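*Asks:* Below are the sequence and a predicted model; questions follow.
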Amino acid sequence: MSRKRLRNIGIAAHIDAGKTTVTERLLYFTGITHRLGEVHDGQATMDFMVQEQERGITIASAAISCDWRDHTINIIDTPGHVDFTVEVERALRVLDGMIAVFCALGGVEPQSETVWNQADRYKVPRLALVNKMDREGASFDRCVRQLEEHLDANPVPFQLPIGEGEDYRGVIDLVSMKAFSFEEFKRIETEIPEELVEGARQGHADLVEKLAEFDEDLLEKFVAEEEVSEEEIRRAARYCVLNSLLTPVFCASAYRNIGVQLLLDAIVDYLPSPADKGSVVGSDPDNPDKSQVCVPSSKANLAALSFKIIHDPFVGQQTFTRIYSGDIRSGQKVLNSTRSKQEKIGRIHQIHAKKREEIDRAGPGDIVSLVGLKFTKTGDTLCDPAHPLLLERITIPEAVIQRSVGVTVQKEEQNLHRSLRKLTMEDPSFSFYVDSETRETVMAGMGELHLEIMEDRLRREFNVPVVSGEPAVSYRESITQQAEVDYRFKKQTGGKGQFAHVVLRIEPNEGGEFEFLDLIRGGAIPREFIPAVRRGVADTLSAGVLAKFPIVGVKVVLVDGSFHEVDSSEKSFYTCACLAFKEAFQKAAPQLLEPVMKVEIATPDDYIGDVAGDLSRRRGNIQTMRRYRKGSQKLFGSVPLSEMFGYATTLRSLSSGRANFSMEFLAFEPIPASLVEGVLAKVRKQREERLADKK
């Protein structure tokens with residue numbers, strides 16, 4: 001098959017815009033399916049995960065191939081929920097074109113903006129589809145205006161609706177100046193309704209005028225008021241789409257099967273093939289400044305990018321891969337240049353949602369799954385071992401929410417960690433770690449729904465009996481003033497006793513580090529015992545005094561002491577130092593410190609007041625604000641980590657889903673005195689509960 005007859009496209013949108021229904025209709029009209037699967041009844045071909053069917057949403061992107069007008073179209077249906085935005089990110093990284101679906105009622109919604117920005121980042125040509133034109137309150141014109149105002153998309157209607165809402169019954173094609181109605185899955189060419197003729201003529205003229213801005217031949221004909229052919233319009237439009245100069249806008253009601261065949265025509269006519277996208281530039285692994293060009297040809301050296309990993313119970317790990325140049329064959333040895341590891345291709349599968357078709361080879365532009373790879377992860381480059389190169393990696397967003405997870409049966413803990421590792425391989429926006437202080441297993445992701453899905457998968461797919469809750473915040477302890485103790489440790493048990501005497505002074509250390517200063521002179525304490533004193537202090541710092549949290553920002557000075565020639569030992573001085581430090585710490589006005597996070601919040605102007613007010617209620621401070629883009633601001637500030645659990649959900653609620661945030665650790669700062677007792681009580685209760693669980 002010619003690479004010019006291949007289309008790799010994604011369907012992306014805000015949640016509930018109807019993109020999965022659009023995909024289902026594309027599959028039906030291309031003959032891939034023979035019944036219409038609906039999202040609301042859990043029968044959609046592309047939503048095959050149990051969690052997707054139960055919730056009626058897309059969670060994981062799914063790939064499938066179909067044919068239309070002698071062209072092969074590889075389609076990836078992506079999630080619309082913001083928690084699964086990495087699925088869109090990695091799909092757009094490997095796709096050549098995109099259909100952005102918008103609801104005719106909601107127009108440009110929050111996730112629409114996120115998806116659009118992702119497509120901008122990867123320079124993906126796109127078409128816009130205004131779906132659900134049959135819904136009450138639908139407005140094609142309003143949606144087009146929002147595309148211009150919110151996305152700066154330079155939208156150009158290529159179609160006009162015949163009616164809206166309950167009256168929606170067909171489409172006017174402004175390229176051919178023909179009308180189409182749809183009955184029982186058939187499109188019927190009709191005359192443009194008389195009352196819409198004038199509007200259609202004006203729409204056609206506007207379309208030609210817009211295209212003429214980018215095409216000199218078209219401009220000459222437009223100025224001379226000469227007639228422009230359909231082919232000339234399509235040629236100019238294709239050029240504009242491939243170079244992202246404008247966005248053609250179409251309309252449809254996928255649920256009522258109106259406009260779907262025309263959308264398929266548009267995919268073939270306007271979206272790019274791998275040949276249109278041209279060469280991809282990689283870099284030399286040994287010299288990042290040296291670029292390498294990958295030509296979309298079977299005769300070129302192999303260059304491919306893995307963009308998704310799933311674990312299938314029947315075939316094992318499947319690595320979804322986009323091939324940019326060269327061929328991949330079963331049994332072939334390739335180089336994972338990202339990890340400098342040799343891999344051997346086992347089997348090659350062409351993906352049809354949850355079904356697989358085994359093939360012997362795949363070439364430039366193909367999207368396939370590879371079985372048998374051991375080291376490859378999301379974003380890794382596969383190439384010819386004799387010609388290594390690196391392709392641009394996939395941007396993985398930072399996790400914004402965490403939750404502790406544990407097992408109801410202690411012997412399942414190893415299985416839990418093994419299963420979590422598999423999930424992190426599949427989804428790079430998901431991660432986990434074991435807190436070294438609280439010993440809790442903490443999983444991190446893009447939102448509460450994201451973690452809820454992962455928890456559900458642990459139970460269903462991996463049979464791990466898990467329970468979850470908020471992770472414990474890792475506090476710190478410190479002091480606010482100087483204190484000195486003169487401490488003697490003496491223990492007699494009948495035989496050789498234990499004796500040690502130290503004079504310790506502790507004081508705040510502004511650097512935040514532990515500093516130990518030895519002022520012993522004249523052999524008051526033998527030199528061989530000084531390291532034991534230091535070690536005793538250091539170990540007490542790690543264990544904590546107030547609530548078993550690490551102690552920071554303390555300087556310890558060994559001022560004086562004494563020893564017994566027989567009863568003194570390293571062990572006795574170690575114990576003496578521990579007890580002396582604890583006593584001094586309690587005298588030095590101790591305080592509890594909490595982790596404070598640096599936050600960055602992007603929000604539309606309309607919600608700044610609500611967002612700032614909520615941050616203030618969380619004991620946060622806003623330091624600066626600056627213009628983010630038209631109609632939006634970025635707020636920069638700090639807020640205690642303990643106040644940020646569940647913040648992603650709250651922020652979406654406050655801003656109708658249009659604001660987003662990121663945060664990173666800033667510093668440990670004192671907890672207000674009025675809150676200390678409450679925090680200590682909560683920590684003690686958590687520790688008691690964990691001890692009870694272990695028993």
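*Replies:* That came through, no problem.

*Asks:* May I have the distance across stretch 350-357, first residue to last?
*Replies:* Criterion CA to CA, to the nearest Å; first-to-last residue distance in stretch 350-357 is 5 Å.

*Asks:* Now do the strand or helix carrying residue 201: distance to the chain's middle.
*Replies:* For residue 201, the element it lies in under DSSP states H and E is helix 197-212. Chain-centre distance of helix 197-212: 41 Å, with CA atoms, centre = their mean, to the nearest Å.

*Asks:* which parts of it are buried?
*Replies:* Within helix 197-212, the residues scored as buried using 16 or more other CB atoms under 10 Å are 200, 203, 204, 207, 208, 210, 211, 212. The way it works is simple: take the backbone N, C-alpha and C, and place the C-beta from them, glycine included.

*Asks:* Now do that helix: everything it contacts.
*Replies:* Outside helix 197-212, the residues that touch it by CB atoms under 8 Å, 6 or more residues apart in numbering are 156-158, 160, 172, 174-175, 177, 192, 218-219, 221-222, 228, 233, 236-237, 240, 246.

*Asks:* Taking those residues, please make a ChimeraX selection of just the buried ones.
*Replies:* Per 16+ other CB under 10 Å, the buried members of these correspond to this ChimeraX selection:
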select :156,157,158,160,172,174,175,192,218,219,221,222,228,233,236,237,240,246
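
*Asks:* The contacts of helix 197-212 in strands, which ones?
*Replies:* Per DSSP state E, strands hold the following members of those: 156, 157, 160, 172.

*Asks:* what pairs with the third one across the strands?
*Replies:* Right, residue 160. Beta-bridge pairing of residue 160 under DSSP bridges involves residue 172.

*Asks:* My understanding was that it contacts residue 174; is that so?
*Replies:* Yes. Using CB atoms under 8 Å, residue 160 is in contact with residue 174, at 6.5 Å.

*Asks:* doesn't residue 455 fall inside a helix?
*Replies:* Yes. Looking at residue 455 with DSSP: H, G, I helix; E, B strand; the rest coil, it is inside a helix.

*Asks:* How about it, nearest residue that isn't a chain neighbour?
*Replies:* Closest residue in space to residue 455, ignoring its immediate chain neighbours: residue 468 at 5.6 Å, by CB to CB, 6 or more residues apart in numbering.

*Asks:* now residue 507
*Replies:* Ranked by CB to CB, 6+ apart and with sequence neighbours excluded, the top spatial neighbour of residue 507 is residue 482, at 4.2 Å.

*Asks:* What is the burial count for that neighbour?
*Replies:* Residue 482 sits with 15 neighbouring residues when counted by other CB atoms under 10 Å.

*Asks:* ok, it - contacts?
*Replies:* Residue 482 makes contacts with 505, 506, 507, 508, 588, as judged by CB under 8 Å, 6+ apart.

*Asks:* State the pLDDT value of the residue nearest to residue 455.
*Replies:* Residue 468 carries a pLDDT score of 86 in this model.

*Asks:* try residue 549
*Replies:* On pLDDT, residue 549 comes in at 82.

*Asks:* same deal with residue 533?
*Replies:* pLDDT recorded at residue 533 is 95.

*Asks:* What is the burial count for it?
*Replies:* Neighbours of residue 533 under the rule other CB under 10 Å: 27.

*Asks:* So it sits against residue 572, correct?
*Replies:* No. Assessed by CB under 8 Å, residue 533 is found out of contact with residue 572, at 10.5 Å.

*Asks:* Dig out what residue 488 forms beta bridges with.
*Replies:* residue 501.

*Asks:* ok, now which ones touch residue 655?
*Replies:* 110, 603, 604, 607, 610, 611.

*Asks:* from those residues, which is closest to residue 448?
*Replies:* Closest approach to residue 448 among the contacts of residue 655 (CB to CB): residue 110, at 16.4 Å.

*Asks:* pLDDT value on that closest one, please?
*Replies:* 63.

*Asks:* returning to that earlier point: what about the residue nearest to residue 507, distance to residue 211?
*Replies:* Remark: distance between residue 482 and residue 211 (CB to CB, to the nearest Å) = 78 Å.

*Asks:* go on, residue 100?
*Replies:* To residue 211, residue 100 is 20 Å away according to CB to CB.

*Asks:* With residue 625 instead?
*Replies:* Between residue 625 and residue 211 the computed distance is 41 Å (CB to CB).

*Asks:* what's the answer for residue 121, then?
*Replies:* For residue 121 relative to residue 211 (CB to CB), the value is 26 Å.

*Asks:* Kindly report the same for residue 239.
*Replies:* Residue 239 sits 9 Å away from residue 211, taking CB to CB as the criterion.

*Asks:* other SSEs contacting the strand or helix carrying residue 663?
*Replies:* Following DSSP H and E, one finds residue 663 within strand 660-670. Applying 3 or more CB pairs under 8 Å, 6 or more residues apart in numbering; DSSP states H and E, we find strand 660-670 packed against strand 476-479, strand 590-604, strand 632-640, helix 647-654.

*Asks:* Perfect, that will be all.
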